[in-house]
Every structure is written in C-alpha cells, then in structure tokens.
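>>> pasting a predicted model and its sequence here:
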Amino acid sequence: MPASSYLPAKNAALAQRLSNFVTVANANMPALKLTPYDLVNIQTAAQQFHADMTSAEAAKQAAISAVHSKKTSRANGGDPVTVSAASAARRLACRARKPLCMPNSLSGV
C-alpha cells in the first residue's frame, strides 16, 4: 500500500485535511515533540495549495462563463432584440447571393 493512500484524491478534501492537520499539530506541539520550525513547511505548503486551488476554481468558472457567453453571442437564444453574429452573417450572405440586387460590377460578370 502506498504511503500517500490516506490522502484524499479530491482537492477540497485534501485542503480540509491539510488544514485540520496543521491545526491539530499546532495545538499538540509539545505532545508530538514538534517545534514551530517543524511546522513551517507544512503550513506554507497548505496555504499555497489552498490559494492555488481557489485560483484554479476561479479560472475554471471564468472559462465556463466565457464559453457560455460565446455560445450566446453565436446564437442569440431567441432574443428578438439581440442580433447574433451567425444570424447577421447569414443575412448578409443571403443578400449578397441575390443576383437581382447585385450590380454586374460586383457579380464578376
């Protein structure tokens, strides 16, 4: 059995476990025969992991929001006021393909 198998696979659970470990270790330093110097690395690592996890979650939510915004601007979702990029391009292409409206200088004839 690997030594790290007791660590949870989920980030939020690992952050909670690290926080709990640091709290218990700080509260029981004499009984565990630890000094503040012994706990500096784990405290720093736990804080950095929590900050990185929070930053990654924020970036993930921003990406989800950006994709939703892009999809909304591509197809207006039935909003009659908003003109989507696809529908605007479609209308312009249809107008350009009508031979009766196009002067000969633009049609290549």
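Now that the structure is in, tell me what you want to look at. Numbers count the residues shown, from 1 in each chain.
>>> starting at the chain centroid, how far to the helix or strand containing residue 55?
Element membership of residue 55, judged by DSSP states H and E, is helix 36-74. Distance, stretch centre to chain centre, for helix 36-74: 8 Å (CA atoms, centre = their mean, to the nearest Å).
>>> stretch 34-54 too?
24 Å.
>>> just the buried positions in that stretch, please.
For stretch 34-54, a neighbour-count test (16 or more other CB atoms under 10 Å) marks 39, 43, 46, 50 as buried. C-beta: built from backbone N, CA, C; applies to glycine.
>>> give me the nearest residue to the last one, chain neighbours excluded.
In other words, residue 50. Leaving aside its chain neighbours, residue 50 sits nearest to residue 15 (5.0 Å; criterion: CB to CB, 6 or more residues apart in numbering).
>>> how close does the closest residue to residue 25 other than its chain neighbours get to residue 30?
Nearest residue to residue 25 in three dimensions, chain neighbours excluded: residue 39, at 5.7 Å (CB to CB, 6+ apart). Distance of residue 39 to residue 30, given as CB to CB, to the nearest Å: 13 Å.
>>> do the same with residue 19
From residue 19 over to residue 30 the distance is 21 Å, taken as CB to CB.
>>> and residue 89, by the same measure?
Between residue 89 and residue 30 the computed distance is 72 Å (CB to CB).
>>> which regions of this protein lie under the pLDDT threshold?
Within the chain, the segments meeting pLDDT under 70 span 1-4, 74-84, 86, 97-109.
>>> and the residue nearest the centre of it?
Centroid-nearest residue in the chain, with CA atoms, centre = their mean: residue 60, separated by 0.8 Å.
>>> need the next SSE after the helix or strand where residue 24 lies, C-terminal direction.
Residue 24 is part of helix 11-27, with elements assigned from DSSP H and E. Sequence order places helix 29-32 as the next helix or strand after helix 11-27, per DSSP H and E.
>>> who's more crowded, residue 19 and residue 30?
Shown here are residue 19 and residue 30; by other CB atoms under 10 Å, residue 19 has more neighbours (15 against 8).
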